[in-house]
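J.: Task: produce atomic coordinates for the following.
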Amino acid sequence: MPQHSLDRILANAVRGPSAGFCQGQAFLVLTGQDVPRFWALAGEATRPSVHAAPLIIIPLPCKRTYIDEYVQRDPSWSDESRIPMPFWHLDTAMAALLILLTAVDEGLGALFFGIMAHETRALRTEFGIPDDH
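T.: The predicted structure follows:
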């Protein structure tokens, strides 16, 4: 994977819309030896042919970022029932779409896949993913 392609993919990922301009997402970028470590923990939902990919980008929403930002503006937002939808998921999904579109624009293959719920704890531990992401 050319470094300039990865740089462009990540630069575009953070240019998407974001509720309140919270930018409440992070991206775990796995290359090299991290890729087989990932598949050993979280490969159940995919076909083995996908495991040859040289790059995995895991978009991680952070609800806390949104809550903190909105409460800072208006303390009544601490009542989460005021939030009409989980913007952290929507914004992160838009960022994932930008990642996919940029990869294709770079002439690369790209796909979106899920991780099985029972695989997430081991994945978090292995790669140091914070609990609020």
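J.: now the biggest helix by length in the chain, how far from the centre of its chain.
T.: Scanning the chain for the helix with the most residues, using DSSP state H, yields helix 87-105. Computed by CA atoms, centre = their mean, to the nearest Å, the chain-centroid distance of helix 87-105 equals 8 Å.
J.: Kindly report the same for stretch 37-51.
T.: Computed by CA atoms, centre = their mean, the chain-centroid distance of stretch 37-51 equals 17 Å.
J.: ok, now stretch 11-19?
T.: 12 Å.
J.: Same check on stretch 93-107?
T.: 12 Å.
J.: rewinding a little: starting from the longest helix of the chain, tell me the next helix or strand along the chain.
T.: Downstream of helix 87-105, the first helix or strand assigned by DSSP states H and E is helix 120-127.
J.: avg pLDDT for that next one?
T.: For helix 120-127, the mean pLDDT works out to 96.
J.: helices or strands up against it?
T.: helix 34-42 (3 or more CB pairs under 8 Å, 6 or more residues apart in numbering; DSSP states H and E). Any C-beta I mention is one placed from the backbone N, CA and C, and that applies to glycine too.
J.: any residues touching the helix or strand that the helix it packs on is followed by, and which ones?
T.: Counting by DSSP H and E, the next helix or strand C-terminal to helix 34-42 is strand 55-61. Outside strand 55-61, the residues within contact range by CB atoms under 8 Å, 6 or more residues apart in numbering are 1, 6, 9-10, 13, 24-31, 34-35, 38, 86, 88-89, 91-93, 95-96, 99, 129, 133.
J.: do you know how far the closest residue to Leu97 other than its chain neighbours is from Gln25?
T.: Using CB to CB, 6 or more residues apart in numbering and skipping residues adjacent in sequence, the residue nearest Leu97 is Gly16, 7.6 Å away. Relative to Gln25, Gly16 is positioned 9 Å away (CB to CB, to the nearest Å).
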